[in-house]
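> predicted model, plus sequence, below.
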Amino acid sequence: MVNLSDLAQPLCIDDYALVTSMPTGCLFYGMLCRTKLDQEKVSINKKYKPLRLYNVLRTTNAFCVAYFYGSFFKVKPQYNEMLENIENYSQLPHNKHNLFSYKKILSMYNLHCDDNFSLFNRGLYPLSPGLRENIFGNSINFDDYFKGNKELPFYLTIAAPHIIYFSNNNKSIIEFKKYLQKNTPQTFNLDTINTQYEG
């Protein structure tokens, strides 16, 4: 039997790999993990090549590390241009970003982020998960994507999926390292930082 108090513990960055860039023509489909409960409550069908990833996010006033569990899927060809537009948008100075302009990009392709728009303010580029059948190819059976942990009560095994675009992360990592070196009495190695995602 799973000990629920153990699952309330924070995540360890060593269990995750850094996202450095988005695979060409792909979006991420999966969930955000905040505690070990999120990490253990579901598994993803291995045929979809699930990954445990972390990303350095630049929010308005700070940086944070966010953890993810999911897969990269190719978008339908008509959305490749949208991915290019989001990538170009992500490279703008941070003070040029706002939810209205991001939504405008999505609306050009009849898409939206109405179900998870708050993720944008956390430094992510979300699309509503209900759009998954429209965006991704037909080879994905979303009914067998997540599988609940049978050692947990059913209500704890409900996954809240997201569709997310990860921009090129190298700039954020460099800025994060500079921020840490400037604002802490000692130099940290990014790979050893265990920062809990807040959100």
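In hand now; what should we look at? Treat the numbers as computed from the prediction; the structure is a model and nothing was measured. Numbers count the residues shown, from 1 in each chain.
> what's the first helix or strand after the lengthiest strand in the chain?
In the chain, taking DSSP state E as the definition, the longest strand is strand 63-74. Using DSSP states H and E, the helix or strand that follows strand 63-74 in sequence is helix 80-90.
> about what we covered before: partner strands of the longest strand of the chain, with direction?
strand 26-33 (antiparallel), strand 51-58 (antiparallel) (DSSP bridges).
> right, so of those, which gets closest to residue 138?
strand 26-33 (14.4 Å; Cβ to Cβ). Every C-beta, even on glycine, is put in place using the N, C-alpha and C of the backbone.
> now the element after that closest one, going C-ward?
Using DSSP H and E, the helix or strand that follows strand 26-33 in sequence is helix 36-41.
> what mean pLDDT does that following helix have?
The predicted model assigns helix 36-41 a mean pLDDT of 84.
> same check on stretch 57-75?
84.
> ok, now stretch 20-27?
Stretch 20-27 comes out at a mean pLDDT of 84.
> and the helix or strand residue 106 falls within with helix 80-90, angle?
Using DSSP H and E, residue 106 sits in helix 99-107. Helix 99-107 runs at 160 degrees relative to helix 80-90, counting by axes from the mean of the first three to the mean of the last three Cα atoms, to 10 degrees.
> and the gap between residue 163 and residue 96?
With distances taken as Cβ to Cβ, to the nearest Å, residue 163 is found 23 Å from residue 96.
> quick one, which of these two is more surrounded?
residue 163 (25 against 9; other Cβ atoms under 10 Å).
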